[in-house]
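In: build me a structure from this.
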Amino acid sequence: LLHHGLKAKKLSLYQLLAPNAFDYVQGYVPALDKTVRSGNYERHMVQFQWHDQTVKNVHVDPSVLYDYQKRLGAAVQLFEKRIDWLSCASRKLFGTVVENKVILLVDTSELNRNYIIHIQHCLRQLLQEQMANKVAFNIIRYGSETELWRRRMEPPTEANLQSAWKWVLGLDCSGSRNLLGALRAALENEHDRKEGHTVDAVYVLTSGMPDQFQSVTCAFANETHQATGVRINTILFNIDDNTIEGLVPGRYGNIKDTADYLRHLAHAAGGRFHWFRETGVVESDDTKLLMHEMDKAVNYSQKSVMLIEALKAKYPQLEVTDLQPIEGARSSPAAAKPPRVPIGPPKDTKTSRARQEITSGGVRSSSADAKKAAWKPAGANTNSTRHGIIPPTSSGGGSPRTAENVQRSNSARASRTNFFTEGEKVLGQSTGQVYDKYPTVLDQRPPRVRKHVKKVIVPDIEENISSKAWLKKYGLNKLKLDLYKMVSGPDCNHEKERVAALGRAVEAVYCKIFPSIMIGGAVKHLQLTLNELKDYQAELERALKRYLKRMIWLLQGSRRVFGSIVEKRVMILLDTSGSMESQLDALKQHLVTLIWDQLQKNNVKFNMMSFADVTSVWRADGPVEPTDE
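Out: Here you go, the predicted structure:
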């Protein structure tokens, strides 16, 4: 729709009418002592309600509306063709898979045992029609436990697609619907991270209510989307609302509640929701957007018909062919193209007096220039050769008040006051001057410029430093986004003074103009414009997304267990007492991840020591280099 929608093709009715749409003009007329509204446009044009609920006077050209109606019908046919294309083949089952690196999550819970053949058929169509042109893909089945087709994403070669299809044929149904575990297996895969593979989208095929609550799953999906940009698309396979005898689902919900759950999950992660059953598509976000665009086109078509009818009612003498809306044109047989009837030449208008004076040859204009040059202000010297300029005053040594002198006087730094002298003239003058204001250092400062909200610039590559050191470089205070400092100036103080006549404290006049906020127990004034507040909010959201990305990085891999090791020489102490016996295998696995993920990658010298009743050191000669040996 960004390339072929009504707005992209400039088929919005308001875009078409905007050059010839005029607002009502209101103004106060002193002679009438009241506010009047212009009526010339209202008498000669058609009134039309705009999208902001205001009424405008619109000039209607029937030929333009006939051509617009034709292009609108072609756009609707294109939308219908697109809907038909989305409702066939594998797009009827999964929608359009538009991302390059995707992971498929397949619901193989016990409740899908009777429908596993249908699920396998859907996956076969998807692998055959839409997976061949992708960069990488993977398939994960989930019930109570998860199982991956491959440990990492693989390119969709012919051999890999055939291997994936054989793996799908061997799927078995068991357990409940642990959707959150499947999402974590897809988005927190250490093997993909080591290979440098980033997931673009996840497609979830399920037939019922997941085990986790909606708030938990949607919060996880939203945070992941904000940090990594991964979209989660949900596909609901509508099965019969009956359960296998003796089997109780983990969480029960009817088909409407399940659809609401999956719809909110997809929208929270920036994805799309698709709902189908054996008979066809029930609901699809892609189809819904196209239907909304078609409804908008039909609405524009009906408004075009209303404009033609209003024009015929205002000018009955015009022979204007009726305009049919899109629905009527679609249902009725194709008719001949209606002839375009011109409205007619415009009416003669009376030329203004200023235009009548402008004639060919410049005769009138030259006489007007002569009159203008001969004009002199009252009291001017008739013998002066400088016509049209006020002569200088004879006293005070002042200069003529020309436009250049007025600008120069406004920029003067000292002000003077004239006064009359008594008695005889002093130095030949009866007036004097005194300086009552002198330039100061403050007057010589350049005008103050408002400080705009700075853009947030934080590198995407994570630095292996502590959070305290990282926030010193990229915290809100360093990024100039601290709200306390933005309202800490002297002009932001909320002042009150006690007025003895009133017997109470009174606020300053400007306190009622600026919004007041409570910061640190004191009332401050927020002297920011609306655009500055919007910029501040946008930059603040960018900073929060970057902080969330940093948190997710700290909770991945070995950093989730050991934290981030920022030193260059470390000693690792391991508790090998009896209380750690049950966790010893997990500890060994985490140690292997620590050595390769942080120590070897960051070239950290290390040594290890275990302690229980006695202590044991791995290397007696101290920390060693993290080599492969």
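In: use CA for all of it now, contacts and neighbours both
Out: Noted.
In: which strands or helices does the helix or strand harbouring Lys166 pack on?
Out: Assigned by DSSP states H and E, Lys166 falls within helix 158-169. Under the contact criterion of 3 or more CA pairs under 8 Å, 6 or more residues apart in numbering; DSSP states H and E, helix 158-169 touches helix 116-129.
In: next, the buried residues of the helix it packs on.
Out: For helix 116-129, the neighbour count (16 or more other CA atoms under 10 Å) marks 116, 119-120, 122-127 as buried.
In: closest one to Val64 out of these, please.
Out: Set against Val64, the nearest of the buried residues of helix 116-129 by CA to CA is Leu126 (45.9 Å).
In: touching, the closest one and Ser90? I think so.
Out: Yes - Leu126 is in contact with Ser90 according to CA atoms under 8 Å; the separation is 5.6 Å.
In: please work out the average pLDDT along the helix holding Lys166.
Out: Helix 158-169 comes out with an average pLDDT of 93.
In: contacts for it?
Out: 120, 123-124, 127, 139, 149, 154 (CA atoms under 8 Å, 6 or more residues apart in numbering).
In: what do you get for stretch 103-119?
Out: 137-144, 153, 171-177, 182, 186, 199, 201-207, 239, 243-244, 247, 249.
In: can you get me the centre-to-centre distance for that stretch and its chain?
Out: Relative to its parent chain, stretch 103-119 has a centroid offset of 37 Å by CA atoms, centre = their mean, to the nearest Å.
In: same deal with stretch 309-322?
Out: 44 Å.
In: stretch 232-242 now?
Out: Using CA atoms, centre = their mean, the offset of stretch 232-242 from its chain centre is 31 Å.
In: what's the answer for stretch 603-615, then?
Out: 52 Å.
In: next, the angle helix 116-129 makes with the helix holding Lys166.
Out: 170 degrees (axes from the mean of the first three to the mean of the last three CA atoms, to 10 degrees).
In: could you list the buried residues of the helix or strand just after helix 158-169?
Out: From helix 158-169 onward toward the C-terminus, using DSSP H and E, the following helix or strand is helix 179-187. Across helix 179-187, burial judged by 16+ other CA under 10 Å covers 179-183, 185-187.
In: now swap in stretch 536-554 and tell me
Out: 536, 539-540, 542-543, 545-550, 554.
In: would you reformat these as CSV and include pLDDT?
Out: Shown next, in CSV, are these (pLDDT from 0 to 100):
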residue, pLDDT
Tyr536, 86
Glu539, 89
Leu540, 89
Arg542, 88
Ala543, 90
Lys545, 89
Arg546, 89
Tyr547, 90
Leu548, 89
Lys549, 88
Arg550, 89
Leu554, 89
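In: from those, which is closest to Val592?
Out: Leu554 (17.7 Å).
In: report the helix or strand with the lowest average pLDDT across this protein.
Out: Within the chain, confidence by mean pLDDT, DSSP states H and E is lowest for helix 363-374 among all helices and strands, at a mean of 43.
In: quick one: average pLDDT of the longest helix seen in the chain?
Out: For the chain, the helix with the greatest residue count under DSSP state H is helix 285-314. For helix 285-314, mean pLDDT rounds to 89.
In: tell me which strands and helices that helix is in contact with?
Out: Using 3+ CA pairs under 8 Å, 6+ apart, helix 285-314 sits against strand 46-49, helix 62-86, helix 326-331.
In: how about those, which one is nearest Gly475?
Out: Judging those by CA to CA, what sits closest to Gly475 is helix 62-86, at 46.8 Å.
In: elements contacting the helix or strand following that closest one?
Out: Using DSSP H and E, the helix or strand that follows helix 62-86 in sequence is helix 91-94. Helices and strands touching helix 91-94, by 3+ CA pairs under 8 Å, 6+ apart, are strand 273-277, strand 280-284.
In: contacts for helix 91-94?
Out: Against helix 91-94 from outside (CA under 8 Å, 6+ apart): 85-86, 122, 126, 235, 274, 276, 280-281.
In: same thing with stretch 618-629?
Out: 569-571, 595, 599-600, 603-609.
In: residues of that stretch that come out buried?
Out: Buried, per 16+ other CA under 10 Å, within stretch 618-629: 623, 626.
In: any idea which helix or strand carries the most centrally placed residue in the chain?
Out: Residue closest to the average C-alpha location in the chain (CA atoms, centre = their mean): Ala538, at 8.9 Å. Assigned by DSSP H and E, Ala538 belongs to helix 530-554.
In: how far does stretch 13-21 stretch from start to finish?
Out: Across stretch 13-21, the terminal residues are separated by 11 Å (CA to CA, to the nearest Å).
In: what comes into contact with that stretch?
Out: 10, 50-51, 56-59, 300, 304.
In: and what of stretch 273-281?
Out: By CA under 8 Å, 6+ apart, stretch 273-281 touches 87, 92-95, 233-239, 259, 262-263, 266-267, 282-285.
In: closest one of the contacts of stretch 13-21 to Asn477?
Out: Nearest to Asn477 among those, with distances taken as CA to CA, is His51, at 42.9 Å.
In: burial count for that closest one?
Out: 9 (other CA atoms under 10 Å).
In: check for me that it belongs to a strand.
Out: No - the assignment for His51, made by DSSP: H, G, I helix; E, B strand; the rest coil, is coil rather than a strand.
In: now do the SS call for the closest residue to it other than its chain neighbours.
Out: Nearest residue to His51 in three dimensions, chain neighbours excluded: Tyr14, at 7.7 Å (CA to CA, 6 or more residues apart in numbering). Secondary structure, three-state DSSP: Tyr14 is helix.
In: what's the neighbour count on Tyr14?
Out: Based on other CA under 10 Å, the number of other residues close to Tyr14 is 13.
In: buried set for the helix or strand containing His264?
Out: Counting by DSSP H and E, the element that carries His264 is helix 255-268. By neighbour count on 16+ other CA under 10 Å, the buried set for helix 255-268 is 255, 258-259, 261-268.
In: repeat that for stretch 185-195.
Out: Quick answer for stretch 185-195 (16+ other CA under 10 Å): 185-187, 189-190, 192.
In: any chance of the buried residues of stretch 536-554 in JSON lines with distance to Val64 as columns?
Out: JSON lines is the format used below for the buried residues of stretch 536-554 (distance: CA to CA, whole Å):
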{"residue": "Tyr536", "distance to Val64": "45"}
{"residue": "Glu539", "distance to Val64": "45"}
{"residue": "Leu540", "distance to Val64": "47"}
{"residue": "Arg542", "distance to Val64": "46"}
{"residue": "Ala543", "distance to Val64": "49"}
{"residue": "Lys545", "distance to Val64": "48"}
{"residue": "Arg546", "distance to Val64": "51"}
{"residue": "Tyr547", "distance to Val64": "54"}
{"residue": "Leu548", "distance to Val64": "53"}
{"residue": "Lys549", "distance to Val64": "53"}
{"residue": "Arg550", "distance to Val64": "56"}
{"residue": "Leu554", "distance to Val64": "61"}
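In: what's the mean pLDDT across the helix holding His264?
Out: pLDDT averaged over helix 255-268 gives 92.
In: many thanks, I have nothing further to ask.
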